[in-house]
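Participant: What follows is a protein structure lacking sequence information:
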């Protein structure tokens, strides 16, 4: 019952600690001598993305403030015009290469295929519906430079919403700022690592990807599993809150639920598959114990929420049928007090996270907080419950197709 309250306190103080006491972050970026910066390969893995691929390719070719880079687009078995549009772009830009995979084999497979063709020592995985800020590459590479950063395996940017058209999409601005970014700041401050990269836009060191064996093709979310594989092999993962990328998010409940099912399944797969690692190699994984147990508490809380809700229903029926109205009153009073405390702590967490993210420019979306706290977040625990059997099937029996679909 207390997990949401404790989690909110944890994130509030984690954000404050990250801001004022966490020293391993970049506060000033350099923009001179760009010709000396390392060569970067931008990889776009695309499956049926004809609605967005043209805008994304045009943006990456003409709006990025960088010199030494190439773009590899991996068409993963698309049956729309994604490949045709990309081939037309290839005629105009010499730094664009196209790889066509005939059968849809999944994003992780597409990324692994691109490793054999990438010329860059740094690889930016960029989704087909994602637009990074113009200076993203300049900022990203500075997280990999210098002796102190020689073990940095991957750096992920700060998620933002591109399509702000309705209540559902605008509520996700609150989620990405206060939940996703807030948690990443807290995890960086407490463990100097993160539980997961942001798959839509993350830069990896190519040597690190090769060292860990590439992306796991039998996982629903390659961005979570690769993060754990990296710090298991002593590569550091970093969060870069000053590198902003905008992505297209689901605008209706059907697509949002489909997206969250994939996220939930991937998180469960990583949690279950890393149990053995945590207990066999506690010294190697020591710094990540807070991340691991926070995920266990979150995972357990979802099942306890269902269990206690069932108890609540039957208790109400019992009190009503036996005329115990005093007990019914106190039952609801105690529950409402707890819910109010959780709601207040959730609001405080959102306020703190909004304040520290991008100098508070998203504070104007705070009005959508009640929508997220009261309703939208329930999609995540429900998706976890639904996908739990499938995740167990993948981890314990290896039954996974590896294919993927766009959330739109």
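Facilitator: Yes, it's here. Everything numeric in this text was worked out from a predicted model, so none of it was measured.
Participant: Phi, psi for residue 351 please.
Facilitator: Main-chain dihedrals, residue 351, degrees, to the nearest 10: phi -60, psi -50.
Participant: Distance of it relative to residue 109?
Facilitator: 42 Å (C-beta to C-beta, to the nearest Å). All C-beta spots, glycine's among them, are computed from the backbone N, C-alpha and C.
Participant: same question, residue 135
Facilitator: As judged by C-beta to C-beta, residue 135 and residue 109 stand 31 Å apart.
Participant: Show me which of those two is the more surrounded one.
Facilitator: residue 109 (24 against 16; other C-beta atoms under 10 Å).
Participant: Contacts only, for the more buried one.
Facilitator: Going by C-beta atoms under 8 Å, 6 or more residues apart in numbering, residue 109 touches 76, 101, 215, 217, 402.
Participant: List buried residues within the residues you listed.
Facilitator: Among these, the ones that count as buried by 16 or more other C-beta atoms under 10 Å are 76, 101, 215, 217, 402.
Participant: Quick check: the farthest pair among those residues?
Facilitator: Spatially, the most separated pair among these is 101 and 215, at 14.2 Å (C-beta to C-beta).
Participant: element containing the closest residue to residue 299 other than its chain neighbours?
Facilitator: Spatial nearest neighbour of residue 299, chain neighbours left out: residue 271 (6.1 Å); criterion: C-beta to C-beta, 6 or more residues apart in numbering. In the assignment (DSSP states H and E), residue 271 maps to helix 253-273.
Participant: Determine the set of other helices and strands touching that helix.
Facilitator: helix 222-232, helix 289-322, helix 379-397 (3 or more C-beta pairs under 8 Å, 6 or more residues apart in numbering; DSSP states H and E).
Participant: Pull the distance from stretch 23-34 to the chain's centre.
Facilitator: When C-alpha coordinates are averaged (C-alpha atoms, centre = their mean, to the nearest Å), stretch 23-34 and its chain have centres 24 Å apart.
Participant: Endpoint to endpoint, that stretch covers what distance?
Facilitator: 26 Å (C-alpha to C-alpha, to the nearest Å).
Participant: What are the buried residues along that stretch?
Facilitator: 25-26.
Participant: What helix or strand is residue 190 located in?
Facilitator: Residue 190 belongs to helix 181-191, assigned by DSSP H and E.
Participant: Tell me what angle the helix or strand that comes right after that helix forms with helix 222-232.
Facilitator: Next helix or strand after helix 181-191 toward the C-terminus (DSSP H and E): strand 201-205. Strand 201-205 and helix 222-232 meet at an angle of 30 degrees, taking axes from the mean of the first three to the mean of the last three C-alpha atoms, to 10 degrees as the criterion.
Participant: what's strand 201-205 packed up against?
Facilitator: With contacts taken as 3+ C-beta pairs under 8 Å, 6+ apart, strand 201-205 sits against strand 122-126, helix 136-142, strand 152-161.
Participant: if you set the cut-off to 7 Å instead, what comes out?
Facilitator: Using 3 or more C-beta pairs under 7 Å, 6 or more residues apart in numbering; DSSP states H and E as the contact criterion, the elements in contact with strand 201-205 are strand 122-126, strand 152-161.
Participant: what comes up buried for the worst-scoring helix or strand of the chain on mean pLDDT?
Facilitator: The weakest-scoring helix or strand in the chain, judged by mean pLDDT, DSSP states H and E, is helix 275-280 (a mean of 79). Neighbour counts over helix 275-280 (16+ other C-beta under 10 Å) mark 277-278 as buried.
Participant: Touching it from outside, list them.
Facilitator: 232, 285, 292 (C-beta atoms under 7 Å, 6 or more residues apart in numbering).
Participant: roughly how far is that helix from the heart of the chain?
Facilitator: Per C-alpha atoms, centre = their mean, the displacement of helix 275-280 from the mean C-alpha position of its chain is 23 Å.
Participant: Looking at the protein, which strand is longest?
Facilitator: Using DSSP state E, we find that the single longest strand of the chain is strand 236-247.
Participant: So which of the contacts of residue 109 belong to strands?
Facilitator: Filtering the contacts of residue 109 for strands - DSSP E - leaves 76, 101.
Participant: Tabulate the contacts of residue 109 (CSV), appending pLDDT.
Facilitator: As requested, these are exported to CSV (pLDDT from 0 to 100):
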residue, pLDDT
76, 93
101, 94
215, 95
217, 89
402, 61
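Participant: quick one: which of the contacts of residue 109 is nearest residue 321?
Facilitator: Taking C-beta to C-beta as the measure, residue 321 lies nearest residue 402 of those, at 51.3 Å.
Participant: isn't residue 347 right up against residue 369?
Facilitator: Yes. Contact criterion C-beta atoms under 7 Å: residue 347 and residue 369 qualify, at 6.2 Å.
Participant: of these two, who's got more company?
Facilitator: Between residue 347 and residue 369, counted using other C-beta under 10 Å, the more crowded position is residue 369 (20 against 16).
Participant: mind listing what the more buried one touches?
Facilitator: 174, 347, 350.
Participant: mind running it again at 10 Å?
Facilitator: Contact partners of residue 369, counting by C-beta atoms under 10 Å, 6 or more residues apart in numbering, are 171, 174-175, 178, 343, 346-347, 349-351, 354.
Participant: Distance check, it against residue 348.
Facilitator: Counting by C-beta to C-beta, the gap from residue 369 to residue 348 is 11 Å.
Participant: next one: residue 172
Facilitator: 20 Å.
Participant: These two: who's more crowded?
Facilitator: Comparing residue 172 with residue 348 by neighbour count (other C-beta under 10 Å), the higher total belongs to residue 172, at 26 against 14.
Participant: For the more buried one, what is the enclosing helix or strand?
Facilitator: Applying DSSP H and E, one finds residue 172 within helix 167-174.
Participant: Please name every helix or strand in contact with that helix.
Facilitator: strand 152-161, helix 253-273, helix 325-356, helix 369-374 (3 or more C-beta pairs under 10 Å, 6 or more residues apart in numbering; DSSP states H and E).
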